[in-house]
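**Student:** just to be clear, the model below is a prediction. Sequence and coordinates:
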Amino acid sequence: MDEIMIIGIAGGTGSGKTTLTNRIKERFGEDVTVVYHDNYYKRHDEMTYEERCLLNYDHPDAFDTDLMIEHIKKLRQGETVQCPVYDFTVHNRSDRFTEIRPTKVILIEGILIFENQELRDLMDIKVFVDTDADVRILRRILRDVKERGRSLDSVVSQYLNTVKPMHEQFVEPSKRSADIIVLEGGQNVVALDILIQRIYAHVHKEERA
C-alpha cells in the first residue's frame, strides 16, 4: 500500500467541520476516506434511554478513542476495518458497522480528536475549524431538531450544561495543536484551496515521480 496521508479536522460543534470534510471528499472521491469520531461513542446498553440522555457527550471519556486509534493504525497499514455506527436518535451505538477501506487520504473528523496525543500523533496535518460561538449554537439547534429528532429545550439545555463548558475546557485549548486554523470551515474558499492543493500533490505524487 502506498503511503497514506492522515488529516485531522477538529473544531467545536457546528463550526463547519463536516462542510469542509464533505468538500474535500467531493473533490477527491474514492481517494479519500472519512472516519468520524462520533461513531466511536461508547455503547451503553445497560442504561435506559432517559439515563443515556443525561450523559455528557462532550467529554473525552464519552468516546472509545482507543478503538479509533487501533482502526487508524490498521488503515495506515493497509487493512480494512469495521467501524461502529452511532444512532443519535437513541443516544447509543447501533448494531450496524461500516466497512472502511484504506485509501490514499484518510480524514478524521471530530470535536475532540486533538485532545488525545496518541491519536494526534497519527495525523500528518491537523486542521482546526474556528467559528463564532453564536453561529455554532444556531447551527447545532437546527441540526439536532431537524436531523436528530430533539426538542428545542433539550438542545439548549445540553448546550448550556455540557457542550459550552466542555468546549471551553477541551475543544478550544486543543486549537493550539493545529497546523492550520480555518475560519468559517467549508465557506473559507482560500483555506479549502490550500488543503486541496496539498492533498492533490499527495494523491498524484507517483505520476510526477
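**Tutor:** Sure, I can see it.

**Student:** so what's residue 105 bridging to?
**Tutor:** Here residue 105 sits in beta bridges with residue 5, residue 32, going by DSSP bridges.

**Student:** now do the contacts for it.
**Tutor:** Neighbour list for residue 105: 4-7, 28, 31-33, 199, 202-203 [criterion: C-beta atoms under 8 Å, 6 or more residues apart in numbering]. (Glycine included, C-beta is placed from N, CA and C.)

**Student:** and if you look at residue 93?
**Tutor:** 41-43, 84-87.

**Student:** and for residue 86?
**Tutor:** Counted by C-beta under 8 Å, 6+ apart, residue 86 has contacts 38-41, 92-94.

**Student:** for residue 161, state which of the contacts of residue 105 is nearest.
**Tutor:** Residue 161 lies nearest to residue 7 out of the contacts of residue 105, by C-beta to C-beta, at 31.9 Å.

**Student:** I'd like the distance from the biggest strand by length in the chain to the chain centre, please.
**Tutor:** For the chain, the strand that runs over the most residues, judged by DSSP state E, is strand 92-100. Centroid separation between strand 92-100 and its chain, computed with C-alpha atoms, centre = their mean, to the nearest Å, is 16 Å.

**Student:** let me see the ranges of the helices in the chain.
**Tutor:** Using DSSP state H, the helices of the chain run over 17-28, 49-53, 65-76, 117-120, 133-147, 152-158, 164-166, 172-174, 189-203, 205-208.

**Student:** can you list the buried residues in the fifth one?
**Tutor:** For helix 133-147, a neighbour-count test (16 or more other C-beta atoms under 10 Å) marks 133, 136-137, 139-141, 143-144 as buried.

**Student:** what's the answer for the first one, then?
**Tutor:** Residues of helix 17-28 classed as buried under the neighbour-count rule (16+ other C-beta under 10 Å) are 17-21, 23-25, 28.
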